[in-house]
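In: Build the 3D model from these lines:
(2 chains)
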Amino acid sequence: MIPLLFVILVTVATVLLGIIATKRAQSASDFFVAGRQVSVFMNASAISGEYLSAASFMGVAGLVMRFGYDAMWYPVGYAAGYLFLLLFIAGPLRRFGAYTIPDFAEGRFDSPLFRKIAVSFVMFIGFFYTMPQMKAAGVTMGSIMQWPYWVGIVVVGAVITFNVALGGMKGITFVQAFQYWVKAFAIAVPVFVIMSVYGSYTSTLSKTAANASGFPVLVTDGTYKINGKAKAPTNVVAFQAVEADVTFKSSTVIGKVSPSRKPEAGEDALVLDAIIKAGSIPSGTTIHLVPVVVTRDGVPVEKDGKTVLTGVKLEFDEPAELALAKGLPVPNAQKNSKWLAPFGTLTSKHGYPLLYTYSLIIALICGTAGLPHILVRFYTNPDGRSAKKTTFWVMVLIGVFYFFTPIWGAVGREFIPGLYVPNKTDYVVINLPGQVPGIWGDVLKGVTSAGAFAAFMSTFSGLLVSMSGAWAHDIYGRILQPESSPTQRISAFKVAAIVIGVISMVLGLFIETFDIAMLVGWAFAIAAASYFPLLLLGAWWRGLTATGAASGMLVGGLSSLTAIILFMLSDRKVVTIADPLVKSLCEQPAIWTVPLSLLVMYVVSLATRGSIPKDVDEKMLRLHAPEGLGYSKDYISSDH
Amino acid sequence: MSNHVDQVLNPERDRALLGRVMRRQVRLSLGVASVFLGIVLLLPVFNLYYPELASQKIGGFTLTWLILGVLFYPITWGLSAIFIRKSNALEDAIERDEKSGVAH
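Out: Numbers count the residues shown, from 1 in each chain, chains lettered A, B, ... in the order given. Next up is the predicted model:
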């Protein structure tokens, strides 16, 4: 009940603040770029609020809990992207004085066609990024209140659509700034309470390091609900190489039994039938699992003087309920030493840990710099100098936030390891506070639930503004009705916000089985290989042509998308990718798609040299000459 | 704006100005970026080839956890603060140089 009150509180505050801010949003420029009069601190809070999405608030802590050190590249990459924005993109883009990326695309190359391509990318990336926010809203509400999946989606979707349609960018700026502080409070304060109850960040890490070959162990007896095949890959329970009693509380069907440890080349295939067989299991069955000796040519394999053992991995076809006893080394978790050290199961899974790590870093850094809802925010600064100052404060605000996320992962691993069993480490931020005894547990859970809600709402607001803006400003105002008045464009914005809001909610309903991190990864990989090269070369190379930029964007964006879809299909066993190198390059394609996109832009631009705009030097000066020289102008403001 | 430079189109002057401005800006941006990329790209190599050093204990953290999970953020703040100061100074310098150049 208490968590629900907190969620209601943050939702009501969001609506009220939106209404108050809206009273001051009157002109078209208020709607699209908040009148360009947002103060540095307010803008930095709003950008941070918008940026820290469900993936950051819940996902990063969950990834750290699951993968350990390797997962810390995620927050690091999210934060590092901002440094790149600052160094190469923020200043020029603000000086250029366009409202949106499509404005930049058309203004830089005098190509209305290119505007259309850029708009479709805004919509495409926007929807990809919206879907995981919607899913997170649905599952969080489900987790707090046991309400059905669609309720959270409808609540978050309706509230934000209302706010955005009412006040546009100005209406949400203040709200998002408020939501940053809700999130920062929610990620930081409960952690201090939890650490005072359970032990500090460093003592938890030290304990993990001291027991290198150990695992976290279940802290209570418990029953765990496991998903069926429909929600693969979360239908897997990989037991450690220990004796364990498993009681099946409901009847279920096991699809596959295999060793938990990945066999190495030359090792014998293990026969596990004596322990447990795939097939139907009646309710109430108890099975005693034992570790299995790994053999090569019939001889036990030894490593560091110890016989290598493995547990069994069960893949369920039907949902299952397993009862496990307190003290069991928890299934699905990595060994302490692997969790704590670099190159654990996240980056080493294909056997190319360095390649995987670098590709992930590139995707996150370049993807951040290419997210449309982030870029549109830079136009809300009054000038280039304040755009830079804003970026600095954003880095401070998100850096402070991200410092706390691994603490949740580390402490959660020790104190609610039960989340590993049903593959629900994503819930650590919501569930860990509930472990604090008494009413404070509920209060803290309320705080983090409110933070999670603030996360979906603020990111969805930003996406909805950038997508509605792209529609009203770029499609309606530039392509369909170039003669429309500012008032008509505001109406178009409002209609677009409602339509896109509804589409987002409907899309959210369809993706319940998709992984939040996977969907966010798609958005990043596509943005990294399409928008980032466009902005980088568009701002820094006078020889870039419209044809070159458009072909690079399309090739980069589509090859990322293809690679990721191929990987997903192989994950679901629809297609087979035999070569682990290819598999790695499909799962994390940025390391080749970003250079490919840049290369295509370069080569095609050279081939179409003749179409470099005649006034390219003037355009480049608008991007680069300090404002005092008078080359910058508001490309759009003349017609408003 | 009161301080407009003469806005009559003058392609050669524009091109030369652009070259001067961008050269100075790109040198600064690439300089800061290379320090940063040095840290980010060398850390995985360091982890791979010096695992003992990377797992050295420092105040409860391992060295590499301390770098990635804690120190990384202040490093980005420091680099961006340096960049902003230098970039603003650079813009002032460009404005000064170009205006005095136009006046001559």
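In: What does the pLDDT read for the residue nearest to A:Ala529 when sequence neighbours are not counted?
Out: The shortest distance from A:Ala529 to any non-neighbouring residue, by Cβ to Cβ, 6 or more residues apart in numbering or on different chains, is to A:Gly556 (3.3 Å). (Glycine included, C-beta is placed from N, CA and C.) According to the predicted model, the pLDDT of A:Gly556 comes to 96.
In: Tell me where chain B has helices.
Out: B:11-49, B:51-54, B:63-65, B:72-103 (DSSP state H).
In: how about the residue nearest to A:Ala529, what does it touch?
Out: By Cβ atoms under 8 Å, 6 or more residues apart in numbering or on different chains, the residues touching A:Gly556 are A:Ala529, A:Ser530, A:Pro533, A:Thr593, A:Val594, A:Leu596, A:Ser597, A:Val600.
In: what's the closest of the residues you listed to chain B?
Out: Nearest to chain B among the contacts of A:Gly556, counting by Cβ to the nearest Cβ, is A:Val594 at 13.8 Å.
In: tell me the phi and psi of the closest residue to chain A within chain B?
Out: Closest residue of chain B to chain A, Cβ to the nearest Cβ: B:Gly60 (2.6 Å). The phi/psi pair for B:Gly60 (degrees, to the nearest 10) reads phi 90, psi -20.
In: tally of neighbours for A:Leu558?
Out: Residues near A:Leu558, counting by other Cβ atoms under 10 Å in any protein chain shown, number 15.
In: Check for me that it belongs to a strand.
Out: No. In this structure, A:Leu558 is helix, not part of a strand, as judged by DSSP: H, G, I helix; E, B strand; the rest coil.
In: From chain B, how far out is it?
Out: Computed as Cβ to the nearest Cβ, to the nearest Å, the A:Leu558 to chain B distance reads 27 Å.
In: can you pull the pLDDT of A:Ala118?
Out: At A:Ala118, the model reports a pLDDT of 86.
In: B:His4 too?
Out: Here the pLDDT value assigned to B:His4 is 45.
In: what's the distance between A:His406 and A:Gly344?
Out: Not quite, residue A:406 is Pro, not His. Computed as Cβ to Cβ, to the nearest Å, the A:Pro406 to A:Gly344 distance reads 14 Å.
In: how about the residue in the stretch 451-600 of chain A that chain B sits nearest to, what does it touch?
Out: For the stretch 451-600 of chain A and chain B, the shortest gap (Cβ to the nearest Cβ) falls at A:Trp540, measuring 6.9 Å. By Cβ under 8 Å, 6+ apart, A:Trp540 lies in contact with A:Phe88, A:Pro92, B:Met22, B:Val26.
In: could you flag which of those residues are buried?
Out: Burial by neighbour count, 16 or more other Cβ atoms under 10 Å in any protein chain shown: within the contacts of A:Trp540 this picks out A:Phe88, A:Pro92, B:Met22.
In: okay, who's weakest in those residues by pLDDT?
Out: The minimum pLDDT among the buried ones among the contacts of A:Trp540 falls on A:Pro92, with 87.
In: wait, doesn't that residue sit right on A:Leu536?
Out: No. Shown here, A:Pro92 and A:Leu536 do not form a contact pair, counting by Cβ atoms under 8 Å, at 10.0 Å.
In: where does A:Ile276 land in three-state SS?
Out: Following three-state DSSP, A:Ile276 is assigned to coil.
In: Go ahead and confirm it touches A:Lys313.
Out: No. If you go by Cβ under 8 Å, A:Ile276 and A:Lys313 don't touch, sitting 10.5 Å apart.
In: what is in contact with these two at once?
Out: Common contact partners of A:Ile276 and A:Lys313 (Cβ under 8 Å, 6+ apart): A:Val257.
In: is it true that A:Thr173 touches A:Ala44?
Out: No. If you go by Cβ under 8 Å, A:Thr173 and A:Ala44 don't touch, sitting 11.1 Å apart.
In: Can you pick out the residue with more neighbours from these two?
Out: A:Thr173 (30 against 25).
In: Let me see the domain layout of chain A.
Out: Annotated domains of chain A cover A:2-21+A:28-197+A:343-639, A:222-332 [automatic domain parsing].
In: Return the most buried member of those domains.
Out: domain A:2-21+A:28-197+A:343-639 (a mean of 22; mean count of other Cβ atoms under 10 Å in any protein chain shown).
In: How far off centre is that domain?
Out: Relative to the centre of its chain, domain A:2-21+A:28-197+A:343-639 is centred 8 Å away, using Cα atoms, centre = their mean, to the nearest Å.
In: how near is A:Ser348 to A:Lys262?
Out: In terms of Cβ to Cβ, A:Ser348 sits 10 Å off from A:Lys262.
In: How about the contacts made by the residue in the stretch 251-400 of chain A that chain B sits nearest to?
Out: Going by Cβ to the nearest Cβ, chain B is nearest to A:Gly399 of the stretch 251-400 of chain A, at 3.4 Å. Going by Cβ under 8 Å, 6+ apart, A:Gly399 touches A:Ala79, B:Tyr73, B:Pro74, B:Thr76, B:Trp77.
In: Does A:Pro291 touch A:Gly311 like I think?
Out: Yes. With contact defined as Cβ under 8 Å, A:Pro291 counts as touching A:Gly311 (6.0 Å).
In: pLDDT wise, what is the closest residue in space to A:Pro216 that isn't next to it in sequence at?
Out: Of all residues not flanking A:Pro216 in the chain, A:Pro417 sits nearest, at 3.9 Å (Cβ to Cβ, 6+ apart). Note on A:Pro417: pLDDT of 95.
In: Please tell me I have it right and A:Pro417 contacts A:Leu218.
Out: Yes. Using Cβ under 8 Å, A:Pro417 is in contact with A:Leu218, at 6.1 Å.
In: Quickly list what's touching both of those two.
Out: Here A:Pro417 and A:Leu218 have A:Val330 as joint contacts, going by Cβ under 8 Å, 6+ apart.
In: Can you add distance to A:Pro319 and give the buried ones among the contacts of A:Trp540 back as JSON lines?
Out: Conversion of the buried ones among the contacts of A:Trp540 to JSON lines gives the following (distance: Cβ to Cβ, whole Å):
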{"residue": "A:Phe88", "distance to A:Pro319": "49"}
{"residue": "A:Pro92", "distance to A:Pro319": "53"}
{"residue": "B:Met22", "distance to A:Pro319": "60"}
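In: What is the nearest of these to B:Ile84?
Out: The shortest approach to B:Ile84 among the buried ones among the contacts of A:Trp540 belongs to A:Phe88, at 13.7 Å (Cβ to Cβ).
In: That closest one and A:Phe343: what is the separation?
Out: Distance, A:Phe88 to A:Phe343, using Cβ to Cβ: 30 Å.
In: which non-adjacent residue is nearest the residue nearest to the spatial centre of chain B?
Out: In chain B, the residue lying closest to the centroid (Cα atoms, centre = their mean) is B:Val32, at 3.2 Å. The shortest distance from B:Val32 to any residue other than its chain neighbours is 4.6 Å, reached at B:Phe83 (Cβ to Cβ, 6+ apart).
In: Alright, calling it a day.
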